[in-house]
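Participant: Kindly generate the corresponding structure for this input.
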Amino acid sequence: MVTKTMRLYRIFYFIAVLLTLSVYGFGQRVPVAPSMLLGIGGLDAAVYSSSMKFDAQGNTYVTGHFTDRYDSADFDPSAGVTTLGIINSSSGYVAKYSAAGALVWVKLFKGESNGLDVDRNGNVTVIGERHPNIAPPNTIYVDAFILHLDNNGNVLWEKLIQSGSKDRPMPPPIGLFQDVQVGYKVTSDDAGNLIAVYTFMGSPDLNGKITAKGYYDGLVVKYDPNGNVIWKFNLGATGSFNNSALEVLVDKDNNIILAGYTSGEVNYNPLGTAVNVTAYNSMFLAQYSPAGILQWIKSIKGSQSTYNVRLALDGQNNIYINGAFTREIDFGIAPKLKPNGSQDIFIAKYSSGGNVLYYKSIGGSGAAVYNAGVATGPDNSLYLTGSFSGKVDIDLFASVTELNSDGTTGMFLTKYDDNGNYQWGFRVPRIYSGDVRDVNSVGGDLKLGAQDINVNSSNEIFVTGGFQSTVNFNGTGCGVNSLTAKNASDPTNGSTDMFIVRYTPTLEIPVTNNTVTVPVITDICPGVDPGLITGSIPVGSNYTYQWQQSLDNRTFTDINGSVSKDFDPPVLSATMHYRRRLVTSECAALNISNVITLTPVQSVTVNTITAPPVLGFCNAGDAELISGSVPQGVGTVNYQWQQSTDSISFTNINGATSKEYDPPSLSVTTYYRRLILHVACNTVLTSNTIVITINSLPEPKVSAEKTVCIGDGVTLNATGGIRYSWSPAVGLSATNVASPTAKPTTTTNYAVTVYNGFCTKVLQVKVIVVESPTVNAGADMEIMNGDEVQLNTEVSNVEGATYSWTPTIYLDDPTIANPIASPTDQITYLLTVKSANGCFIVSDEVVIDVREKVMIPNAFTPNGDGVNDILTIPGLDSYKQSTLTFFDRNGQRIFKSLAYPKPWDGTHNGKSLPTGTYYYVIDLNNSERKRLSGAIFLIK
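Facilitator: Below you'll find the model as predicted:
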């Protein structure tokens, strides 16, 4: 063990000395100067405290742990030296100091202590966690312990909570605890029984195994004075949920008050009828009977710093719970609490029956607050301590009382009466060696600054914690009561010292009732005097006034010459914050009033209304909402919408006094604008004007149908509108004029849209384009004399054309394309086609050949008498390709002749045929002629 001489850091300020000072606080007796100050540390050691208690004789007990690399820690603040080296890489300690601050004894043990209790007999119990000396590769485990000592520091008994999974491999990510049991807090009842709270994994053995339901479970164990387990239960939720039991107290009736962190569905009455409550990422507060039966349970839902829960009881068994939160939290009744900064703290008071009496927060914009302890005094006053950075309001109610860390991380100490009314408060800056410590970033594990608070029967306030560098614990910042860490010149070298500070209430009667009242005029127009800020007459004596001002409500400076009870501010050009300071003595704590903020009302300079998407309608229409800008930073304004049909004379619209206006359905063009009446300054600003146009349907006319030769143009005319649109655009000289020239290459139907504002009507006009026709009078034809034929004329592009056949003889109609012709002799016809408008004349001719008609007799007499002995068929000889075939009644061919050069004589194969009926087929071999067939009677 290395021994080094350590200096005594102890400063006593006796009441007799304090009576010589004029120390006035915010509202009650303010113990701004320490009456005892102890510093414990080592040159290369880091000494942390976690909990502090008193015994009936006024002795102070403090527990925690310390670590070092090369040195030991001196726990004796006197000129003597009590240096202790660590047992492991981190050793727990519990130390006993007399009421005068002298070391009585100190006990080291393996592990880190988190909680402490001193029972009615002066026996001491510490609870905490124990890490292995050397963890196997890639394995981590932590055991919980509870150590019971007598009032001389002798060990009476010790218990470990461990699940035994010491060789469980640790998968990535490295650093994940695989087998963890942690002891957090312990307390005792009137019989000396101990109630301890833990968090555990796995299945540790506590007079019988108990198995965690979730990932972590909370564990509550009641021991008798000899360390035997009376009862136990765990609080957990099935699944990958974390639940922890973190704080425990016993009230005057030996009921057990329990608080912790919860997530999932948890049965809070394992030893009785199940009471299941579901909450996530929340705190819980519960009360149990001495037998461990749930009496009531409350949830505080929201985002809280999980391991940062503190409890206190007052003389009426009322319960205080204190925690930190970063998002909105819900106490089950309205309203919810919202943080002002990155992390706020809350304090909530419950009756012994579990009813919420009040809940409030401490925080500030851009600030972070960390809670470290809550305690009550013999008069049921409430005390809070912790660390903060930034500017925070420490008044729980409407009034504003601010502490400013001035760019450092500081400790705060505040007092409230039993109703939460603010009494006093002060700060101890630079508790951390750097300029700024983000207390929010370290969540529930900030080991610097205050760690615990306790108040003895004499209303003396004790705070313990950790510090680096040199810290002045004088609350005024004027007097000097400092401690310097052992290695303050190099705080990165592991140096953190533990402090114990005692603040004894002064006997000074403070000056109270320092409030100021806003001027009658709250809306201050440009150039207007705000009026008098009146101040109350304080209760007390020996004070003077000093008014202060600030541009940012953070840094206040004295106003020269403003030392009266009231203050008349000048005409303002920017927002200004005013407060009144009561000047008592040089080193007195600040006594400042509430802050009055005066903001000059800016003139209304912008009044803009925005048109709806559609501004025009045909005949009638209902426009959408007309929106309007909202003046900023100008105070109260009134709106009035106006309308007009000529944009000259506007009238108010009844009831149209909102920032927006929804016009009714309109049948005439209407103009709208908005007036803004600046109430404070009685000025009116007119907006821009928006017009909603209503047009009537047009009554248009358009040209009649037009005919034009191909390649020529024609003018189309439309009337009755103010704008025109023609389509299709092909062949047009323009599409947006009333009278374009059309020169299409094919017949086209043009549409013209005639506009009257937003109203339209569509008309059609056809332009017929005359193209050069094509004429084919058809193939030459032949007919038999006496027959008729229709001429097969083929024509195209002849719409509107005329036809003329010459000669006209033998035609039924010489003015049509396909007349019927019945000539008696061969003839040539000429067809002349004249297109519309006389654009083109085209002709073609066709020849009709007229042949004799084939005349077939019905009988002949081949009997050799020289009369009618051969069958003569007139006209057949003119069909040179014709064939004539005769058949008997059996279908046997008996005669065939081509072109019939020699008439038939009634024989077959040289033999005369008998009298009878014979059948003929004449094929003229002419596509225009049908076959001829029939019967002839042969007579002998």
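Participant: need the contact list for the residue minimising distance to the centre of the chain.
Facilitator: The residue at the geometric middle of the chain, judged as the C-alpha nearest the mean C-alpha position with C-alpha atoms, centre = their mean, is residue 327 (15.7 Å). Taking C-beta atoms under 8 Å, 6 or more residues apart in numbering as the criterion, residue 327 is in contact with 302, 303, 338, 339. Yep, even glycine has a C-beta here, placed from its N, CA and C like the rest.
Participant: Return the members of those classed as buried.
Facilitator: When neighbours are counted using 16 or more other C-beta atoms under 10 Å, the contacts of residue 327 contain these buried positions: 302, 303, 339.
Participant: my guess is the first one contacts residue 331, does it?
Facilitator: No - with contacts defined as C-beta atoms under 8 Å, residue 302 does not count as touching residue 331, sitting 9.2 Å away.
Participant: Now for these two: what residues contact both?
Facilitator: When C-beta under 8 Å, 6+ apart defines a contact, the residues bordering residue 302 and residue 331 alike are residue 337.
Participant: quick one: pLDDT of the residue nearest to the centre of the chain?
Facilitator: At residue 327 the predicted local confidence, pLDDT, stands at 90.
Participant: What helix or strand is it located in?
Facilitator: Assigned by DSSP states H and E, residue 327 falls within strand 319-330.
Participant: What of residue 185?
Facilitator: The secondary structure element spanning residue 185 is strand 179-188 (assigned by DSSP H and E).
Participant: Show me what the next helix or strand along the chain from that strand packs onto, helices and strands only.
Facilitator: Using DSSP H and E, the helix or strand that follows strand 179-188 in sequence is strand 194-200. With contacts taken as 3 or more C-beta pairs under 8 Å, 6 or more residues apart in numbering; DSSP states H and E, strand 194-200 sits against strand 124-130, strand 141-149, strand 179-188, strand 217-223, strand 244-250, strand 256-267.
Participant: Return the distance of residue 252 relative to residue 458.
Facilitator: 20 Å (C-beta to C-beta, to the nearest Å).
Participant: Please name the bridge partners of the closest residue in space to residue 898 that isn't next to it in sequence.
Facilitator: Distances taken as C-beta to C-beta, 6 or more residues apart in numbering put residue 883 closest to residue 898, at 5.6 Å, once the chain neighbours are dropped. Bridge pairing for residue 883 (DSSP bridges) gives the partners residue 898, residue 923.
Participant: buried ones in stretch 328-347?
Facilitator: Neighbour count says stretch 328-347 has 329, 331, 337, 339, 340, 341, 342, 343, 344, 345, 346, 347 buried, by 16+ other C-beta under 10 Å.
Participant: Now do the domain split for this structure, please.
Facilitator: When the chain is parsed into structural domains using automatic domain parsing, the resulting residue ranges are 609-695, 701-766, 774-851, 859-938.
Participant: could I get the ones you listed as TSV with distance to residue 398?
Facilitator: Below are those laid out as TSV (distance: least, C-beta to C-beta, whole Å):
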stretch	distance to residue 398
domain 609-695	23
domain 701-766	58
domain 774-851	95
domain 859-938	118
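Participant: Please convert those domains to TSV, extending it with mean neighbour count, distance to residue 237 and mean pLDDT.
Facilitator: Formatted as TSV, these follow (neighbours: other C-beta atoms under 10 Å; distance: least, C-beta to C-beta, whole Å; pLDDT from 0 to 100):
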stretch	mean neighbour count	distance to residue 237	mean pLDDT
domain 609-695	15	48	92
domain 701-766	16	66	92
domain 774-851	16	91	88
domain 859-938	14	104	88
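Participant: Which among those is found nearest to residue 163?
Facilitator: Taking C-beta to C-beta, domain 609-695 is the member of those nearest to residue 163, at 62.0 Å.
Participant: Could you point out which of the domains of the chain sits nearest residue 274?
Facilitator: Shortest distance between residue 274 and the domains of the chain, using C-beta to C-beta, is found for domain 609-695: 55.1 Å.
Participant: That closest one: end-to-end distance?
Facilitator: Start-to-end span of domain 609-695 (C-alpha to C-alpha, to the nearest Å) is 23 Å.
Participant: how far out from the middle of the chain is it?
Facilitator: Here the centre of mass of C-alpha atoms in domain 609-695, compared against the chain's by C-alpha atoms, centre = their mean, to the nearest Å, lies 33 Å away.
Participant: repeat for stretch 862-882
Facilitator: Distance of stretch 862-882 from the chain centroid (C-alpha atoms, centre = their mean) equals 113 Å.
Participant: Endpoints of it, how far apart?
Facilitator: 24 Å.
Participant: Name the spans of the stretch 451-600 of the chain whose pLDDT lies under the cut-off.
Facilitator: When residues are selected by pLDDT under 70, those of the stretch 451-600 of the chain lie in 476-478, 487-494, 507-510, 522-523, 585-590.
Participant: Show me where it has its strands.
Facilitator: If you assign secondary structure with DSSP state E, counting those that start in this stretch, the strands in the stretch 451-600 of the chain sit at 461-467, 470-472, 482-484, 497-503, 516-517, 534-535, 544-550, 557-558, 576-583, 596-598.
Participant: Check which helices and strands the first one sits against.
Facilitator: With contacts defined as 3+ C-beta pairs under 8 Å, 6+ apart, strand 461-467 has these neighbours: strand 45-54, strand 368-376, strand 402-416, strand 449-455, strand 497-503.
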